[in-house]
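S.K.: need a 3D model of the following:
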Amino acid sequence: MNTLHRIAALVDACLLPSCRTERLPEWIRLGLDRGMPGVVVRASTPDASRRITAALHERLPDGLTGRPGRTRSPRGRNGNDSGSRASGSSAAAELVALGANLHLGVRPALRADETRVFVTDLQAHGVAAALGPFTGEGPLRPFAEGAAAGVRAITAGRTPVPGGEGLPATLSSRAVTGVLRGDLGYGGVVVSDTLDAPSIVNGWGVPGAAVLAWIAGVDLVQLGPACGAGVHEAIHTAAARAVGDGDLPPARLEEAAERVARLRRWASEPRMPAAPVPAPVPAPVPARTSVIPR
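M.R.: All right, here's what the predicted structure looks like:
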């Protein structure tokens, strides 16, 4: 395989496109054949989600099937640290029923140990957690908890990093490589936030942002639903140019692709269902004896 083909394969291995239609677009189908690890399912109904998932698994049986944050995470129904909370087990059951194996909406909890418990329960049932958004500032304890619990992915957000020259965390080596990898010692997959947001498009364009994300230490670049075949092609062009210019070392893409491959292998491993709680055995009722008077 020549260098250009090798770089193209690595780029596809580090891209996660989004799909909200019931049929996989042709460019995504071709991308899956060329090494894309899966899709983010953004359908509006459970039936549509299951149809997309079936189409993906027909093409790629061990593919990643991500869902954005539609299930409740530890922070509760309204995204704050109060109110009704879902357990990791119940969130996993909801996602597995939709055919998903990657929860892209796990929010950090403010209460001590809550993030660890949720992540552990979710992943015990075969659904990888992507904890985020990580901004490189604010409370870092939930991310340290998640890293210690073996969280499979952390999502770098779009909030500008203080002192980071206006770069959002998902494009900032200071946030990803410095704080997340260095200070917190995290070694799993780092996922970008979706790159089709106006703040990203207007600042860097999706292809330029994808390259900056890989340079910063992100492994899996998440493409939003507004990204199509033209954007996909432009990302390949931008990545090849960055490699040729020496800005994006091929070794960085190889490292990212290997981390994504490990996540995909983990997500495709069969998991034993949780053992049902045995019903209590009723105590035997003593037999009645009749006493016959003499």
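S.K.: point out where the chain drops to low pLDDT.
M.R.: 1, 70-85, 163-164, 271-294 (pLDDT under 70).
S.K.: regarding it, what is its longest helix?
M.R.: Scanning the chain for the longest helix, with DSSP state H as the assignment, gives helix 250-268.
S.K.: could I get the CA-only coordinates of that one as CSV?
M.R.: C-alpha atoms of helix 250-268 as CSV (Å, rounded to 0.1, in the frame of the first residue of the first chain):
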residue,chain,number,x,y,z
PRO,A,250,1.4,9.6,10.1
ALA,A,251,2.3,8.1,13.5
ARG,A,252,-0.3,10.3,15.2
LEU,A,253,-3.0,8.9,12.8
GLU,A,254,-1.7,5.3,13.4
GLU,A,255,-2.0,5.8,17.2
ALA,A,256,-5.5,7.2,16.8
ALA,A,257,-6.6,4.4,14.5
GLU,A,258,-5.2,1.7,16.9
ARG,A,259,-7.1,3.3,19.9
VAL,A,260,-10.3,3.3,17.8
ALA,A,261,-9.8,-0.3,16.7
ARG,A,262,-9.4,-1.3,20.4
LEU,A,263,-12.7,0.4,21.2
ARG,A,264,-14.4,-1.3,18.3
ARG,A,265,-13.1,-4.7,19.4
TRP,A,266,-14.2,-4.1,23.0
ALA,A,267,-17.7,-3.0,21.9
SER,A,268,-18.1,-6.1,19.7
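S.K.: from the contact counts, what lies against that helix?
M.R.: Helices and strands touching helix 250-268, by 3 or more CB pairs under 8 Å, 6 or more residues apart in numbering; DSSP states H and E, are helix 3-13, strand 64-67, strand 128-134, strand 189-192, helix 206-216, helix 229-245. To be clear about C-beta, it is placed using only N, CA and C from the backbone, and glycine gets the same treatment.
S.K.: among these, show me which one is buried the most.
M.R.: strand 189-192 (a mean of 29; mean count of other CB atoms under 10 Å).
S.K.: what comes up buried for the next helix-or-strand element following that one?
M.R.: Scanning forward in sequence from strand 189-192 by DSSP states H and E, the next helix or strand is helix 198-203. Within helix 198-203, the residues scored as buried using 16 or more other CB atoms under 10 Å are I200, V201.
S.K.: what about helix 198-203, distance to the chain center?
M.R.: Between the centre of helix 198-203 and the centre of its chain there are 22 Å (CA atoms, centre = their mean, to the nearest Å).
S.K.: please name every helix or strand in contact with it.
M.R.: Looks like helix 198-203 contacts helix 206-216 (3+ CB pairs under 8 Å, 6+ apart).
S.K.: what inclination does the helix it packs on have with respect to helix 229-245?
M.R.: In terms of direction (axes from the mean of the first three to the mean of the last three CA atoms, to 10 degrees), helix 206-216 departs from helix 229-245 by 40 degrees.
S.K.: helix 206-216 vs helix 250-268, what angle?
M.R.: Using the same axes, to 10 degrees: helix 206-216 against helix 250-268 is 90 degrees.
S.K.: the very next helix or strand once past helix 206-216 pairs with which strands, parallel or anti?
M.R.: Later in the chain than helix 206-216, the nearest helix or strand by DSSP H and E is strand 221-222. For strand 221-222, the paired strands and their directions (DSSP bridges) are strand 15-16 (parallel).
S.K.: which residues are contacting the longest helix of the chain?
M.R.: With contact meaning CB atoms under 8 Å, 6 or more residues apart in numbering, helix 250-268 is reached by 3, 6-7, 10-11, 13-14, 37-38, 61-64, 101-102, 126-128, 152-153, 188-189, 214-215, 218-220, 239, 243.
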